[in-house]
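**Q** curious how this folds, go ahead:
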Amino acid sequence: MQDIPRKKGKREDKKKRAPVHYGIYRLSIREWLLYGAAGVGLCGLCAYIFYRSAAAFLILLPFGMLFPLSRREALRKKRLRRLSLEFKDGIQILSSYLGAGYSLENAIAMSAEELRSLYGPKGMIATEFEELAEKTRMNRPVEEGLLDLGERSGLEDACNFAQVVAAAKRRGGGLVELIGQTAGIIRDKIQVQEEIHTMTAAKVLEQQVMSAVPFLIVLYIDLTSPGFFDSMYETEAGRLVMTCCLGTYGAAVILAGRILDIEI
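**A** Prediction:
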């Protein structure tokens with residue numbers, strides 16, 4: 001009953017997947033082009049709203065080209081959050097198989113099968129559990145694979161879980177109870193994180209809307225009262241005031257993003 005399930009067909013000939021370092025997000029060419037175009041568009045909007053000058057657009061353009069880098073960090077955090085949720089499900093399923101009497105090695109293989117059906121063949125934690133099961137078939141220690149996953153994922157919970165499994169294996173007893181207790185603690189922590197994320201989601205949307213309000217106000221006044229802001233674009237004092245407004249606006253957006261970026 002506890003034979004480790006093996007994939008048939010092309011599984012044996014499948015090329016070995018390169019380890020994924022989840023703490024590093026690499027943008028695809030499509031993402032570079034998409035976010036680069038968004039950054040250029042944002043520079044054009046700022047140049048029009050604050051300066052009405054092509055020279056200002058050229059000055060702001062290098063900053064717009066850096067926009068993909070900021071999006072890369074946001075995508076990295078999003079991927080880590082998704083991995084954290086999948087990891088929570090993975091160790092819960094693993095704990096249930098251990099409680100049913102499976103050995104740790106067989107429980108990992110069975111968990112990989114269930115995670116594959118839950119998240120699909122491209123699910124991150126499903127793929128990692130499948131790789132972990134393959135390593136156990138080659139007589140590699142389970143704790144070694146878990147420690148490697150913890151290091152590559154950058155998740156504190158994954159590192160802690162790997163250390164708990166390694167300590168339990170060295171002690172040689174109470175493995176099922178210790179893993180079950182650790183999985184419960186990690187589950188509760190991630191649930192708290194998700195509750196905080198849910199509570200701040202509305203505020204994040206509100207912050208995004210408020211960030212667009214200054215642009216909408218200027219565009220509305222410009223359409224309904226042409227020439228109202230001419231003095232702000234044609235005089236040195238006006239350009240200085242608009243530069244201060246742009247700096248204040250940028251600082252407010254950055255500060256709001258940091259306030260809403262809550263970590264446990």
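**Q** Lys135: what secondary structure?
**A** At Lys135 the chain is in helix, as set by DSSP: H, G, I helix; E, B strand; the rest coil.
**Q** how many neighbours does it have?
**A** 18 (other CB atoms under 10 Å). The way it works is simple: take the backbone N, C-alpha and C, and place the C-beta from them, glycine included.
**Q** that one: what's it in contact with?
**A** Val142, Glu144, Gly145 (CB atoms under 8 Å, 6 or more residues apart in numbering).
**Q** try Glu194
**A** Glu194 neighbours (CB under 8 Å, 6+ apart): Leu85.
**Q** now with 10 Å?
**A** If a contact means CB atoms under 10 Å, 6 or more residues apart in numbering, then Glu194 has Arg81, Ser84, Leu85, Lys88 as its contacts.
**Q** would you map out the domains in the protein?
**A** 26-65, 66-260 (automatic domain parsing).
**Q** and Ala18, which of those is closest to it?
**A** Closest to Ala18 of these is domain 66-260 (CB to CB; 10.7 Å).
**Q** start to end distance for the closest one?
**A** 22 Å (CA to CA, to the nearest Å).
**Q** can you list the weak-confidence ranges in the stretch 51-200 of the chain?
**A** Where the stretch 51-200 of the chain drops to pLDDT under 70, the residues are 172-173.
**Q** next one: Ala38 relative to Gly174, how far apart?
**A** Ala38 sits 53 Å away from Gly174, going by CB to CB, to the nearest Å.
**Q** can you pick out the residue with more neighbours from these two?
**A** Between Ala38 and Gly174, counting by other CB under 10 Å, Ala38 is the more crowded of the two (14 against 10).
**Q** that one reaches Leu66, doesn't it?
**A** No: between Ala38 and Leu66 there is no contact under CB atoms under 10 Å: 11.7 Å.
**Q** residue contacts, Phe129?
**A** The contact partners of Phe129, taken as CB under 10 Å, 6+ apart, are 86-87, 90-91, 93-94, 108-116, 123, 145, 149.
**Q** so which of the contacts of Glu194 are in helices?
**A** Among the contacts of Glu194, the members falling in helices (DSSP state H) are Arg81, Ser84, Leu85, Lys88.
**Q** of these, closest to Val241?
**A** Of all the ones in helices among the contacts of Glu194, Arg81 has the smallest distance to Val241: 40.5 Å, by CB to CB.
**Q** how near is the nearest residue to that closest one once chain neighbours are set aside to Ser225?
**A** Leaving aside its chain neighbours, Arg81 sits nearest to His197 (7.5 Å; criterion: CB to CB, 6 or more residues apart in numbering). According to CB to CB, His197 stands 42 Å off from Ser225.
**Q** the two: who's more crowded?
**A** Neighbour count, other CB under 10 Å: between His197 and Ser225, His197 has more, with 12 against 9.
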